[in-house]
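**Q** please find the sequence and the predicted model below.
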Amino acid sequence: PAEKRHDDALDELMAEIAAEGPTGDVESSDRIDQIKKKLDRATEDLAKATAKFDEASRRIKHDPSEDLQLIEKEKKHTFRVFTTRIDTIFGVTFCVLAPEHPLVKEIIGITDAKSGLAMRDYIDKAKKMSEVDRAATGREKTGVFTGVNAINPANGQRVPVWIADYVMMGYGTGAIMAVPAHDERDYEFAKKFGLDIVPVIKPAGATDIPDLPYSAKDGILINSGHYDGMSVKDSQEALTKKLTALDIGEKKTNYKLRDWLISRQRYWGCPIPIIHDKDGEMHVVKDADLPVELPKVDHYEPADDGSSPLAHIPDFVNVTDPDGRLGHRETDTMGGFACSAWYFLRFCDPHNDSEAWSKKEVDYWMPVDTYVGGAEHAVMHLLYARFWTKVLYDEGLVTVKEPFARLKNQGQVLGHTPYRKPKANETLSVGEEGILVSFDEAKNVPKEDLTWRWVRMSKSKGNVVTPDEAVAEYGADALRLWELFVAPFEADVEWTNDGMSGTSRFLSRIFKLASEVQPHFDPKWKDKIASEPATDASRDLRRSTHKLIQKATKDVEAFAFNTYVAAMMEHLNTVNDVLKRLPPEALAVSEMLEYTILVLAPSAPHSADEIWQGLGKEGFTYEQPWPKADPDLAKDDTVTIAVQVNGKLRDTIEMPADATKEQIEAAAKESDKVKSHTEGKTVRKVIVVPGKLVNIVAN
């Protein structure tokens with residue numbers, strides 16, 4: 001402790017002063033002054049150290065009853081580990097160092113000759129293996145004991161230190177704290193070498209120890225002393241805070257770049273342009289011989305030995321290597337992600353027969369403005385596409401570092417899915433609430449044993465509703481409209497075909513309107529409408545039409561497709577009301593019909609094209625320019641303004657859209673409903689937000 005060291009120093013100084021004794025000698029007096037100054041400095045140092053110790057004690061607030069403690073021992077040899085599961089630290093029963101770890105050489109230098117020889121032999125074998133082979137799933141674990149133990153700083157227990165090739169220097173620190181009860185690889189290693197396995201997490205509410213290894217990231221701690229009963233999440237936070245305070249750990253974000261295995265043993269996919277010679281050497285196919293094309297075959301099933309279907313096509317396999325010797329072509333093909341990592345570049349120049357893409361075309365079109373896909377795409381496809389693009393950028397083949405400027409994730413489609421209660425001999429995994437059954441099986445399950453849940457549609461769950469069913473009953477456009485209208489773009493959708501009956505009725509109303517107006521449609525309305533005398537009804541119709549264009553333009557750009565469809569429905573209601581007082585020959589009606597069809601087209605293209613052709617128009621609606629709204633025509637004549645008194649809504653008033661603040665304030669004060677709440681009070685302040693609200697502050 002700091003106090004004892006300083007007390008010892010003070011005792012020595014006092015003894016030194018006493019030894020000098022009283023004297024009048026100048027030199028001795030100077031010596032005593034020097035000693036006194038040293039004493040003063042030592043006293044100051046003691047005060048600072050004491051204050052620092054008190055602050056550390058206050059901050060840590062160490063409870064002697066806690067099992068997590070800093071073991072004060074001389075640490076001649078230490079190593080650091082990186083873990084994503086600090087909650088399992090009490091379950092560490094051994095440690096593993098990568099064969100390349102720097103500490104291994106030191107251990108060999110202090111151990112006996114036999115152990116050192118075994119470790120050197122193991123390291124030599126590991127050096128001859130690739131990291132891919134060392135990390136291969138399912139490979140039998142190998143290792144060698146170093147003969148030394150490490151101290152677990154959490155509880156002071158000794159744990160054996162091993163060397164094993166499944167630990168890599170390229171990830172983390174090249175050393176791991178092995179928790180075999182909660183890690184598959186550590187479990188296999190411990191089983192093979194007879195090492196201890198101590199579970200420290202169990203599912204919440206469970207009475208028995210789960211089957212090991214239990215790798216779920218939820219549950220509560222056991223066999224963890226002071227932390228028993230804590231949830232995994234809470235214990236991670238508490239342990240991280242504690243280890244940081246004790247200065248034996250820190251929170252850190254670590255990244256790992258995995259190798260990408262792209263070869264597949266199947267017919268479809270891009271051929272790998274490699275030729276193997278008779279000596280086993282590999283040669284890249286010459287540029288002049290690219291592309292390597294798949295042969296046309298009648299059958300492309302894999303062989304019984306698991307080899308690629310291409311391996312059994314002699315005309316494809318047998319080729320000559322670059323030296324003219326007999327060789328054989330690589331018969332594995334690339335996985336789908338290899339092509340999806342760059343297909344967008346081909347889209348920029350799809351008809352180019354001499355190169356994958358023209359750099360000029362890619363410079364013009366890239367990056368992609370918006371990429372739409374599920375959130376799961378970010379894990380694989382988008383990651384690969386970004387890596388691929390960065391490599392091409394480094395090679396000077398593209399001028400963008402990122403392929404996509406914006407990513408939009410749509411919500412998931414949920415299906416109503418049946419589950420039943422487990423039987424006596426069945427158990428549920430963590431997070432499961434029942435046994436998944438098919439729709440046919442559900443018919444034979446008692447209602448009291450059956451539960452229906454909304455879960456993501458997938459083939460594995462058997463809850464997929466195919467578009468064909470909906471199209472057959474309601475039509476493709478009704479399906480499209482329902483998909484857009486049912487929920488915001490990013491939200492999950494609880495799918496039901498019944499909802500399409502509403503969008504089907506909406507389309508029927510559109511067709512009915514078109515059939516009634518079509519005989520009176522004037523294809524030259526744009527040239528004439530400015531000179532046609534305006535009426536209240538024609539102004540109302542044009543206002544609704546241009547407000548629709550404004551709203552649809554804004555919503556489509558913002559991916560707010562549900563409100564875009566809602567705006568069309570609202571517009572149709574307004575049109576039907578206005579047409580009761582406006583003759584169909586009015587040019588505003590022709591304008592309304594043409595623009596309404598163009599706004600409808602992105603969401604219901606078949607219906608829009610059919611009506612478009614019925615108007616005598618040529619081509620398709622997608623070939624037409626998007627209509628532009630006239631802000632003056634879209635402007636409302638009047639607006640509804642909310643009137644508040646002390647922040648509470650008391651009335652609404654209709655005002656001209658161009659009314660001044662003074663006019664709005666005056667009208668608000670004249671409201672009888674407002675007067676009943678301001679009578680006998682003094683109006684302190686009036687806040688006017690033109691076109692929206694008035695707030696009167698009175699007391």
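**A** Now that the structure is in, tell me what you want to look at. Numbering: from 1, shown residues only.
**Q** I'd say Arg456 and His416 touch.
**A** No: between Arg456 and His416 there is no contact under CB atoms under 8 Å: 11.8 Å. Placement of C-beta: from N, CA and C, glycine included.
**Q** any idea how far His283 is from Leu261?
**A** His283 sits 21 Å away from Leu261, going by CB to CB, to the nearest Å.
**Q** more crowded one of these two?
**A** A side-by-side neighbour count of His283 and Leu261, using other CB atoms under 10 Å, places His283 first with 14 against 8.
**Q** now the phi/psi pair for the more buried one, please.
**A** Backbone torsions of His283, given as degrees, to the nearest 10, read phi -130, psi 140.
**Q** which parts of the stretch 201-350 of the chain are helices?
**A** For the stretch 201-350 of the chain, applying DSSP state H, counting those that start in this stretch gives helices covering 232-245, 314-317, 336-340, 343-347.
**Q** rank those by mean pLDDT and give me the bottom one.
**A** Of all those, the minimum mean pLDDT falls on helix 336-340 (a mean of 87).
**Q** so how far is it from its chain's centroid?
**A** What separates the centre of helix 336-340 from the centre of its chain is 20 Å, taken as CA atoms, centre = their mean, to the nearest Å.
**Q** quick one: list the elements packing against that helix.
**A** Of the remaining helices and strands, those touching helix 336-340 by 3 or more CB pairs under 8 Å, 6 or more residues apart in numbering; DSSP states H and E are helix 381-394.
**Q** the helix or strand just after the helix it packs on - contacts with which helices or strands?
**A** As assigned by DSSP states H and E, the chain's next helix or strand after helix 381-394 is strand 407-409. Using 3+ CB pairs under 8 Å, 6+ apart as the contact criterion, the secondary-structure elements in contact with strand 407-409 are strand 371-373.
**Q** ok, the strand it packs on: who's next to it in the sheet?
**A** Strand 371-373 pairs in its sheet with strand 407-409 (parallel), by DSSP bridges.
**Q** what does the strand it pairs with contact?
**A** With CB atoms under 8 Å, 6 or more residues apart in numbering as the contact definition, strand 407-409 has outside contacts at Thr370, Tyr371, Val372, Gly373, Gly374, Ala375, His377, Ala378, Leu382, Phe489, Glu490, Phe559.
**Q** turn those into JSON lines, including pLDDT.
**A** Compiled in JSON lines, the contacts of strand 407-409 are given as follows (pLDDT from 0 to 100):
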{"residue": "Thr370", "pLDDT": "92"}
{"residue": "Tyr371", "pLDDT": "91"}
{"residue": "Val372", "pLDDT": "89"}
{"residue": "Gly373", "pLDDT": "84"}
{"residue": "Gly374", "pLDDT": "79"}
{"residue": "Ala375", "pLDDT": "76"}
{"residue": "His377", "pLDDT": "73"}
{"residue": "Ala378", "pLDDT": "73"}
{"residue": "Leu382", "pLDDT": "88"}
{"residue": "Phe489", "pLDDT": "92"}
{"residue": "Glu490", "pLDDT": "89"}
{"residue": "Phe559", "pLDDT": "94"}
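**Q** buried ones from the residues you listed, can you make that a ChimeraX selection?
**A** Here is the ChimeraX command that selects only those of these that count as buried (16 or more other CB atoms under 10 Å):
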select :371,377,382,559
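**Q** show me the residue at the heart of this structure, geometrically.
**A** The chain has Ala375 as the residue nearest its centroid, 5.6 Å off, counting by CA atoms, centre = their mean.
**Q** how close does the nearest residue to that one once chain neighbours are set aside get to Leu479?
**A** Nearest non-adjacent residue to Ala375, counting by CB to CB, 6 or more residues apart in numbering: Asn409, 4.6 Å away. Between Asn409 and Leu479 the distance, using CB to CB, works out to 21 Å.
**Q** burial measure for the residue nearest to Ala375, as a count.
**A** As a burial measure, Asn409 scores 15 neighbours (other CB under 10 Å).
**Q** low-confidence ranges in the protein?
**A** Residues of the chain that meet the criterion pLDDT under 70 lie in 1-40, 42-76, 429-432.
**Q** try 80 this time
**A** Counting by pLDDT under 80, the chain contains low-confidence residues at 1-76, 137-138, 171, 254-260, 299-306, 374-379, 424-433, 458-466, 497.
**Q** across the sheet, point out what pairs with Ala150.
**A** Here Ala150 shows beta-bridge partners Val159, assigned using DSSP bridges.
**Q** please name the residues that touch it.
**A** Taking CB under 8 Å, 6+ apart as the contact definition, Ala150 lies against Phe79, Cys95, Arg158, Val159, Pro160, Val161.
**Q** type out the ChimeraX command that picks the buried ones from these.
**A** A single ChimeraX command is used to select the members of the contacts of Ala150 judged buried by 16+ other CB under 10 Å:
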select :79,95,159,160,161
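**Q** tell me which two in the contacts of Ala150 are the farthest apart.
**A** Phe79 and Arg158 (14.8 Å; CB to CB).
**Q** circling back: can you redo the contacts of Ala150 as JSON lines with distance to Asp468?
**A** Shown next, in JSON lines, are these (distance: CB to CB, whole Å):
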{"residue": "Phe79", "distance to Asp468": "60"}
{"residue": "Cys95", "distance to Asp468": "57"}
{"residue": "Arg158", "distance to Asp468": "66"}
{"residue": "Val159", "distance to Asp468": "60"}
{"residue": "Pro160", "distance to Asp468": "62"}
{"residue": "Val161", "distance to Asp468": "61"}
